[in-house]
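Colleague: Next come a sequence and a model predicted from it.
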Amino acid sequence: MDFKDKKVLVFGSGISGIGACELLEKSGATVILFDGNEKLHEEAIRMKLPSASKAQILIGQISDEQLKELDLVVLSPGVPTDLPVVEKMKAAGIRIWGEVELAYENAKGDVLAITGTNGKTTTTSLLGEIMKCWKESVYVVGNIGNPYTQAAPKMTEESVTVAEISSFQLETIDQFHPKVSAILNITPDHLNRHHTMEEYIRVKELITKNQTSEDTCVLNYEDPILRAFGENLQIRVLFFSSERKLKQGLYLEDETIWYADESQKLAICKTQDLNIVGKHNYENVMAAAGMALSYGVPLEKIQEAVKAFQAVEHRIEFVTEKSGVVYYNDSKGTNPDAAIKGIQAMSRPTLLIGGGYDKGSDYTEWIQSFDGKVKYLVLLGVTKEKIAETARKCGFDNIIMTESLEEAVKVCAENAESGDAVLLSPACASWDMFPSYEVRGRRFKELVRNL
């Protein structure tokens, strides 16, 4: 699309919206930056933009007359597609893209894209490291915290983009076309946004929408939704499994990750050679290695990268040891399934800090996964009463209620004994108390180190 002299509305003034504004202005578009939050001030938004930006800033409401002038709307991922104002835009026949579609339209080279409920950031980071071992021009972008729109203008035909794509971003794709895609798993999440599990699944599966018979999708064989999806896809499918040996695909056997096809069986690595632990991380390694092999990366480059890879910040991240108690930051455990993996990775009696923003999740399976490991469940945030009620129904009563993360850390330090672990793995988003899980995780680490 030629953006010169087009009038484009960017909806949302966060990091994605600012990146979209910059890219559109560089492409010659006339930009309106719109945010529906009436509490925001134009000066604060203007400070986020480059000093030379000529974008018009609009806060609160947009009129029908202003809508009629638009050629395109670019939605930030945090903007629900069923808002009344967005529905009005659709009814007016205005083309609506997301940040990912805008970036893809302006980018060059090949895309390798990853989605799933859990494991996206670790898999994306690892695949990025693998690609950097092999290619000079590699961009790791998307939901991982690096706006795709900011990287797109720098790309050449030789570039490889490794993109972490959320369900929010997949809702608004049009031509977005990865050479290799992966769906790591699908468990209930973001149901406050997608409303039904069926819709959440449909949106996740959109990552393959524009792939052809020359492209590959990597899928988790142990996820029944994805197994059925893969068996009906008309593109190449590569499965991975942590539970069984596959005739074709990647699997875990004898503490070794293997790749097999009709002609060969290759050892990717031994689990003891990895710096990341837990079955979920072995699945992430299989997914990243499968994507790399599908793209043609030599085995030795894959092996070099996976053995050197370190854990991602905020994902079962070791913080420190104090008085014989080890502290782990799993702030990225923002839903029950991710938090289950945090508990499963613990090998000590654990004081678990949970709770936060309510995304409409059910916490029963999370409580049931404690399996005798959790000494105390220390709760905070909007969901603490809901989680406490669920825990008691499941027969778990060692619950301590707190009003802040500071209090939660203090309570854990007072109740932990040498040989215990303290784990921040909230099973909830951070938005009731913190702007992001990163801010929550860094504050936790600061509090722990100051004990």
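Modeller: Everything's here; your move.
Colleague: Double-check residue 222 against residue 239; I have them as touching.
Modeller: No: taking C-beta atoms under 8 Å as the definition, residue 222 is not a contact partner of residue 239, at 9.1 Å. (C-beta placed from N, C-alpha, C; glycine too.)
Colleague: neighbour count winner among these two?
Modeller: Taking other C-beta atoms under 10 Å, residue 222 and residue 239 do not tie; residue 239 has more neighbours (23 against 16).
Colleague: Let me know the secondary structure of that one.
Modeller: At residue 239 the chain is in strand, as set by DSSP: H, G, I helix; E, B strand; the rest coil.
Colleague: Then the one 4 residues further on?
Modeller: Secondary structure, three-state DSSP: residue 243 is coil.
Colleague: separation between the closest residue to it other than its chain neighbours and residue 260?
Modeller: Distances taken as C-beta to C-beta, 6 or more residues apart in numbering place residue 222 nearest to residue 243, at 5.2 Å, with adjacent residues excluded. To residue 260, residue 222 is 16 Å away according to C-beta to C-beta, to the nearest Å.
Colleague: go on, residue 221?
Modeller: Applying C-beta to C-beta, one obtains 13 Å for the distance of residue 221 from residue 260.
Colleague: One more: residue 319?
Modeller: For residue 319, the distance to residue 260 equals 38 Å [C-beta to C-beta].
Colleague: Let's check: the centremost residue of this protein is which one?
Modeller: When the chain is reduced to its mean C-alpha position, the closest residue under C-alpha atoms, centre = their mean turns out to be residue 120, at 4.9 Å.
Colleague: can you pull the pLDDT of that one?
Modeller: Looking at residue 120, its pLDDT stands at 88.
Colleague: Pretty sure it sits against residue 126.
Modeller: No: with contacts defined as C-beta under 8 Å, residue 120 does not count as touching residue 126, sitting 10.9 Å away.
Colleague: for the stretch 151-300 of the chain, what spans make up the helices?
Modeller: For the stretch 151-300 of the chain, helices defined by DSSP state H, counting those that start in this stretch occupy the ranges 167-170, 191-194, 197-205, 224-231, 279-295, 299-308.
Colleague: In terms of mean pLDDT, which of those ranks lowest?
Modeller: It's helix 191-194: among the helices of the stretch 151-300 of the chain, that one has the lowest mean pLDDT, namely a mean of 62.
Colleague: Give the full set of residues in contact with the residue nearest to residue 249 when sequence neighbours are not counted.
Modeller: For residue 249, ignoring the flanking residues on the chain, the nearest one in space by C-beta to C-beta, 6+ apart is residue 239 at 4.1 Å. For residue 239, the residues meeting the contact criterion (C-beta atoms under 8 Å, 6 or more residues apart in numbering) are 218-221, 227, 230, 246, 248-250.
Colleague: Mind checking which of those residues land in strands?
Modeller: 218-220, 249-250 (DSSP state E).
Colleague: which of the residues you listed lies closest to residue 413?
Modeller: For the ones in strands among the contacts of residue 239, the closest approach to residue 413 (C-beta to C-beta) belongs to residue 220, at 37.7 Å.
Colleague: who does that closest one bridge with?
Modeller: Per DSSP bridges, residues listed as beta-bridge partners of residue 220: residue 240.
Colleague: how much space between it and residue 330?
Modeller: 21 Å.
Colleague: quick one: which of the two has more around it?
Modeller: When residue 220 and residue 330 are compared on other C-beta under 10 Å, the one with more neighbours turns out to be residue 330, at 27 against 24.
Colleague: My understanding was that that one contacts residue 317; is that so?
Modeller: Yes: shown here, residue 330 and residue 317 form a contact pair, counting by C-beta under 8 Å, at 7.2 Å.
Colleague: OK, contacts around residue 242?
Modeller: With contacts defined as C-beta under 8 Å, 6+ apart, the neighbours of residue 242 are 222, 251-252, 279, 282-283, 286.
Colleague: Swap in 10 Å and give it another go.
Modeller: With contacts defined as C-beta atoms under 10 Å, 6 or more residues apart in numbering, residue 242 is in contact with 220-222, 250-253, 257, 279-280, 282-283, 286.
Colleague: low-scoring stretches of this protein, by residue?
Modeller: Along the chain, the parts satisfying pLDDT under 70 run over 188-195.
Colleague: Spell out which residues make up each domain of it.
Modeller: Each structural domain of the chain that the record assigns through automatic domain parsing is listed here as a residue range: 7-99, 107-308, 317-449.
Colleague: first vs last residue of the second one, how far apart are they?
Modeller: In terms of C-alpha to C-alpha, to the nearest Å, the two terminal residues of domain 107-308 are separated by 29 Å.
Colleague: Likewise for the last one?
Modeller: End-to-end distance for domain 317-449: 14 Å, by C-alpha to C-alpha.
Colleague: same thing with the first one?
Modeller: Distance between the two ends of domain 7-99: 16 Å, counting by C-alpha to C-alpha.
Colleague: follow-up on the earlier one: among the contacts of residue 239, which one lies nearest to residue 420?
Modeller: residue 220 (32.7 Å).
Colleague: isn't the closest one right next to residue 186, touching?
Modeller: Yes: the criterion here is C-beta atoms under 10 Å, and residue 220 meets it with residue 186 at 8.6 Å.
Colleague: shared neighbours, those two?
Modeller: By the contact definition C-beta under 10 Å, 6+ apart, residue 220 and residue 186 are jointly contacted by 116, 226.
Colleague: number of nearby residues for the closest residue to residue 129 other than its chain neighbours?
Modeller: The shortest distance from residue 129 to any residue that is not its chain neighbour, by C-beta to C-beta, 6+ apart, is 4.6 Å, and that residue is residue 305. Residue 305 has 23 neighbouring residues, counting by other C-beta under 10 Å.
Colleague: thinking again about what came up before, which among the contacts of residue 242 end up buried?
Modeller: Judged by neighbour count, with 16 or more other C-beta atoms under 10 Å as the criterion, the buried members of these are 220-222, 250-252, 257, 280, 282-283, 286.
Colleague: nearest to residue 388, of those?
Modeller: residue 280 (26.3 Å).
Colleague: ok, the closest residue to that closest one other than its chain neighbours to residue 67 distance?
Modeller: Nearest non-adjacent residue to residue 280, counting by C-beta to C-beta, 6+ apart: residue 341, 4.3 Å away. Taking C-beta to C-beta as the measure, residue 341 and residue 67 are separated by 44 Å.
Colleague: The two: which has the busier surroundings?
Modeller: When neighbours are counted by other C-beta under 10 Å, residue 341 and residue 67 differ, and residue 341 comes out ahead with 21 against 16.
Colleague: Buried ones in the helix or strand that one falls within, by neighbour count?
Modeller: Under the criterion of DSSP states H and E, residue 341 resides in helix 336-344. By neighbour count, with 16+ other C-beta under 10 Å as the criterion, the buried positions of helix 336-344 are 336-343.
Colleague: Turn the residues you listed into CSV, columns for distance to residue 39.
Modeller: Compiled in CSV, the buried residues of helix 336-344 are given as follows (distance: C-beta to C-beta, whole Å):
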residue, distance to residue 39
336, 32
337, 34
338, 31
339, 32
340, 36
341, 37
342, 34
343, 38
